[in-house]
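Engineer: build me a model from this:
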Amino acid sequence: MAFSIALLLLFAAAVLGHIPRPAASCPGYRATNVQQDDSYLVADLVLIGSCNLHSKDVKNLRLLVEYQTDTRLHVLIEDADRTVYQVQEHVLPRPKSQNATANGAALKFSFTENPFTFNVTRASGGEVLFDTSDSPLNFETQYVRLRTSLPQNPNLYGLGEHSDDFRLATTGYTRTFWNAESPFIPNRANLYGSHPVYFDHRGDAGTHGVFLLNANGMDILIDKTESGQQYLEYNTIGGVLDFYFLAGPQPASVAKQYAEVAGLPAMMPYWSLGFHQCKYGWQTIDYVAEVVANYSAAGIPLETVWGDIDYMDSKRDFSTDPSRYPTDKARRLIDSLHDNDQHYIQILDPGIRQLDNYGVYKRGAEQGAFLRASDGSYYRGLQWPGEVVWPDWFAPNTQAWWNGEIQSFYDPSTGIDVDGLWTDMNEASNMCPDTNCLTSTSSIEALGWTPQKAPPQLRARQSDAAGHKLGLPDRDLFSPTYKIASHRGPLSAFTLYTNITNADGTHQYDTHNLYGSMMAAATRAALITRRPSKRPFVLTRSTFAGTGRHAAHWFGDNASTWDHYRAAIRQMLGFAAVHAMPMVGSDVCGFNGNAEELMCARWAMMGAFQPFFRNHADVSAPDQEFYRWEIVTEVAKKAIDVRYRLLDYLYTAIWRASEEGRAAVSPLWFHYPGDAATWGVQTQWFLGEGLLVSPVVDDNSQAVSYYLPKDVWYDFWTGERVVSTGEMKSVDGVGWGDIPVHIKGGTILLMRAKSANTTTELRKQNFVITIAPGVDGTAKGALYLDDGESLDVRDQKSQITFSWNGKALEASGTFGYATDAVVERVVVLGDGGSRTHEGPWGLHEGFVFYL
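Structural biologist: As a prediction, this is how the structure comes out:
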């Protein structure tokens, strides 16, 4: 009896609000007014009883279920008034429903009415993929919770950006989404981007994906209940539950289906696949010229030079330091780079110095381009130039202002003729550590700045109109009761204050995670305005789902450590295979700290087999250009040589990603989904469809162990045939300039016969075709050719498919791109070694080679 009374008292205390109620005790919702036809279902969801766990209950919800395609199911749970914030359509356009029928769909939706729960099952076999039946739905003004049960020990991937294992931990694991500047890319922490999508791989039973289109801060918990039931739980501080379920069932199919939702990635210019060098700390333009000359003297090809904030006058965007980086000298260097078919990129930060005599600020203010506080004054914070204001990417004139500044400063005739732009600090990063920054004289003086005037009152402006999807009124936009586990602490720490109102009436509380993606999109649009016919190149630090439509991404401010060398592989797999962002890479040799010679040598070779290849270091780090060490110099020459010879193979993979959503880089289990030994591999990857890369990953080691799935393989370097039964291989004595690479049996590999100093010269080189027959003696491959730079190549492109039947090599497809390059030779690999057949053969329709 005493135990029963204790339980009663505990329940009464929870009801009275003396202690927090567990989420599982909330009663949830009841489904009513259900209507459905062959392709959709709608229903009202009505709150059964009060909960108010972390904020006020939203009493009336609306359910929409759409069978959009045979492989994509859309489930939206929103407030009935449609006032709760939803990601704007122009920021992330939703895919249109093709009105597939439930009977023909690969996924099935079912639900219980009271309390409302739902599950998603696979039509073939009835396997449950998503199941909320064990826990009620919580939908409050500042807290939304939904839990799904999972199989024991699931194989989950994605939920980036993070530096954790590629296959996610399943016990006591939290993934937080709140974009934040994250020096040294800490583990188990939110980093620079938010991508709330995961792939669930179940071996021969198939792979599926789950994407929650929600930009609010959130924690996703992966854990087990006390009874041992595995689960994944969403805990967001706002927004709606806008799910896209992707049926697969092949892993590569899920990647394509997600890209169709988030948006196909932008096609990159050919030159951007070359080798890039950057450094924060090149103090003068003369020093930059020396770096370029030193690369040339060392015989290391250098495609692109980057300008970090050193070039700016007092760290202000759209300026050059008159003594250290005078415009005339910068123009001469850039002209010489262009004369040598090299390229130049500069950095832009979002913080704009607030000075009345600073034209960039003055013009932006005239066009209403900056974020405002509730009293109408500009919201101010601290970034590299000092006290700054920030662009409001939702304001109607901001794009025109941004276009104008980029067109003017980067005018090829009078200004800095860049070939691309780099958007940094765009989480947005604010050097104010908290909301007292501009009200505390001591905190500002400690950073070396002085405020111009008193800060605005921190009050939120709200819209009361229903149906606008811009956010509920009367919320605590600084400190919601549910605290997400951001490693930066409070929501507004080191970023824009979350009560700031955007021009469209939304708040940074809801749109924070979109800021970097929107800056990247605006920068891409400005570059297209500047050069309408040219393919723009934008690199961004901060990302959200769909950012691949606009930009490339690097993994932020890592460290010069072996651990971050290994982390670069995991991060690349996450972005390229799961998040539909193929053009990614790390700061080679590390950004923070002192790069060691042997580690840098390994990283230089590994980086050559990743899509984006840039060496970059911090101002506090010693110079680490490849030519500064003897071993690294030789390794870099070899690494860039092989990369450039493979560049058209990589370019073809990037093009396939932009056209079809196919992963340009993928894990082993994408190709061998039924082999359980591949599911946890995170130190190897497939580049394109046919190259398996297995670098040395142990500290200062010359030994490597890697897994070869059951198949026929060929050593990329020697052509030796290897038949694996599905086994680990161990190799000792791997030189500092060596990296194990294997050609998958059944692959036809197109490479340039020779490398070159620049990608422009590379495009003039002839081709070599390597045929690596599979178990059945056949092989296939592809080559995509265009001019490498046009935004719209129209019919001036070649999409060539090569096939080998054991006796003849044939090419089919389209041949619209005119090139003088020919196939110089064909190499057929096999049991008895390789056989070489000399050409030439022209790359045109009717290409046939007989053995």
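Engineer: when you work out contacts or count neighbours from here on, use the C-alpha atoms and nothing else.
Structural biologist: Noted.
Engineer: count the neighbours of G680 for me.
Structural biologist: 15 (other Cα atoms under 10 Å).
Engineer: that one belongs to a strand, doesn't it?
Structural biologist: No. Looking at G680 with DSSP: H, G, I helix; E, B strand; the rest coil, it is coil, so not inside a strand.
Engineer: that one and A252, how far apart?
Structural biologist: Distance check for G680 against A252: by Cα to Cα, to the nearest Å, it reads 17 Å.
Engineer: cool, Y173 as well?
Structural biologist: From Y173 to A252 the distance is 26 Å (Cα to Cα).
Engineer: these two - which one has more neighbours?
Structural biologist: Taking neighbours as other Cα under 10 Å, Y173 and A252 compare with A252 leading, 20 against 16.
Engineer: where does D831 sit: helix, strand or coil?
Structural biologist: When classified by three-state DSSP, D831 comes out as coil.
Engineer: can you give me the distance of it to D165?
Structural biologist: Distance from D831 to D165, by Cα to Cα: 38 Å.
Engineer: these two: which has the busier surroundings?
Structural biologist: Neighbours were counted for D831 and for D165 using other Cα under 10 Å; D165 has more, 19 against 11.
Engineer: and the nearest residue to that one once chain neighbours are set aside, how many neighbours?
Structural biologist: Distance criterion Cα to Cα, 6 or more residues apart in numbering; nearest residue to D165, sequence neighbours excluded, is R570 at 6.5 Å. Per other Cα under 10 Å, the neighbour tally for R570 reads 23.
Engineer: was I right about R570 contacting V681?
Structural biologist: No. Using Cα atoms under 8 Å, R570 is not in contact with V681; the gap is 9.5 Å.
Engineer: low-confidence ranges in this structure?
Structural biologist: Applying pLDDT under 70 to the chain flags residues 1-22, 24, 438-465.
Engineer: domain map for it?
Structural biologist: 2-262, 696-850 (automatic domain parsing).
Engineer: select, out of these, the one closest to Y565.
Structural biologist: Nearest of those to Y565, taken as Cα to Cα: domain 696-850 at 7.8 Å.
Engineer: okay, the domains of the chain, which one's buried deepest?
Structural biologist: By mean neighbour count, with neighbours taken as mean count of other Cα atoms under 10 Å, domain 2-262 ranks first of the domains of the chain at a mean of 19.
Engineer: and the strand or helix carrying Y244, what does it pack against?
Structural biologist: Using DSSP states H and E, Y244 maps to strand 241-246. The contact analysis (3 or more Cα pairs under 8 Å, 6 or more residues apart in numbering; DSSP states H and E) places strand 241-246 against strand 72-79, strand 207-212, helix 251-262.
Engineer: can you list these in TSV and add distance to V712?
Structural biologist: Below are these laid out as TSV (distance: least, Cα to Cα, whole Å):
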stretch	distance to V712
strand 72-79	35
strand 207-212	25
helix 251-262	21
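Engineer: nearest to P622, out of the ones you listed?
Structural biologist: Once the helices and strands packed on strand 241-246 are compared by Cα to Cα, helix 251-262 is nearest, at 39.5 Å.
Engineer: now do the closest one against strand 207-212, angle only.
Structural biologist: Inter-element angle recorded for helix 251-262 and strand 207-212: 20 degrees (by axes from the mean of the first three to the mean of the last three Cα atoms, to 10 degrees).
Engineer: so which elements touch helix 251-262?
Structural biologist: Using 3+ Cα pairs under 8 Å, 6+ apart, helix 251-262 sits against strand 207-212, strand 241-246, helix 668-671.
Engineer: mind doing that once more with 7 Å?
Structural biologist: Counting contacts by 3 or more Cα pairs under 7 Å, 6 or more residues apart in numbering; DSSP states H and E, helix 251-262 packs against strand 207-212.
Engineer: the stretch 601-750 of the chain: strands as residue ranges?
Structural biologist: 613-615, 665-666, 685-687, 691-693, 704-708, 711-715, 721-724, 727-731, 741-744, 747-752 (DSSP state E, counting those that start in this stretch).
Engineer: what would these look like in TSV with distance to Y410?
Structural biologist: Shown next, in TSV, are the strands of the stretch 601-750 of the chain (distance: least, Cα to Cα, whole Å):
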stretch	distance to Y410
strand 613-615	23
strand 665-666	34
strand 685-687	35
strand 691-693	39
strand 704-708	47
strand 711-715	46
strand 721-724	52
strand 727-731	51
strand 741-744	41
strand 747-752	34
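Engineer: out of those strands, the one nearest N119 is which?
Structural biologist: Of all those, strand 665-666 sits nearest to N119, with 29.2 Å by Cα to Cα.
Engineer: what packs against the closest one?
Structural biologist: Contact partners of strand 665-666 among helices and strands, from 3+ Cα pairs under 7 Å, 6+ apart: strand 685-687.
Engineer: what pairs with the strand it packs on, parallel or antiparallel?
Structural biologist: Next to strand 685-687 in the sheet, as set by DSSP bridges, lie strand 665-666 (antiparallel), strand 691-693 (antiparallel).
Engineer: turn those into CSV, including mean neighbour count.
Structural biologist: Below are the strands paired with strand 685-687 laid out as CSV (neighbours: other Cα atoms under 10 Å):
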stretch, mean neighbour count
strand 665-666, 30
strand 691-693, 23
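Engineer: A595: which of these is closest?
Structural biologist: When the strands paired with strand 685-687 are compared by Cα to Cα, strand 691-693 sits nearest A595, at 23.2 Å.
Engineer: which residues touch that closest one?
Structural biologist: The contact list for strand 691-693 (Cα atoms under 7 Å, 6 or more residues apart in numbering) reads 684-686, 740-744.
Engineer: which residues touch L687?
Structural biologist: 664-666.
Engineer: report the separation between it and S323.
Structural biologist: 45 Å.
Engineer: the helices in the stretch 701-850 of the chain, which residues?
Structural biologist: Remark: helices assigned in the stretch 701-850 of the chain by DSSP state H, counting those that start in this stretch are 759-762.
Engineer: let me fix that, I meant to ask about the stretch 351-500 of the chain.
Structural biologist: With DSSP H, counting those that start in this stretch applied, the stretch 351-500 of the chain shows helices at 359-366, 398-409, 441-447, listed in chain order.
Engineer: looking at these, which is buried most?
Structural biologist: Ranked by mean neighbour count, those are led by helix 398-409 with a mean of 19 (mean count of other Cα under 10 Å).
Engineer: other SSEs contacting it?
Structural biologist: So helix 398-409, by 3+ Cα pairs under 7 Å, 6+ apart, packs with helix 515-530.
Engineer: and the nearest residue to T101 once chain neighbours are set aside, what does it touch?
Structural biologist: Using Cα to Cα, 6+ apart and skipping residues adjacent in sequence, the residue nearest T101 is S39, 4.6 Å away. Counting by Cα under 7 Å, 6+ apart, S39 touches 66-67, 99-102.
Engineer: now with 8 Å, please.
Structural biologist: 66-68, 99-102 (Cα atoms under 8 Å, 6 or more residues apart in numbering).
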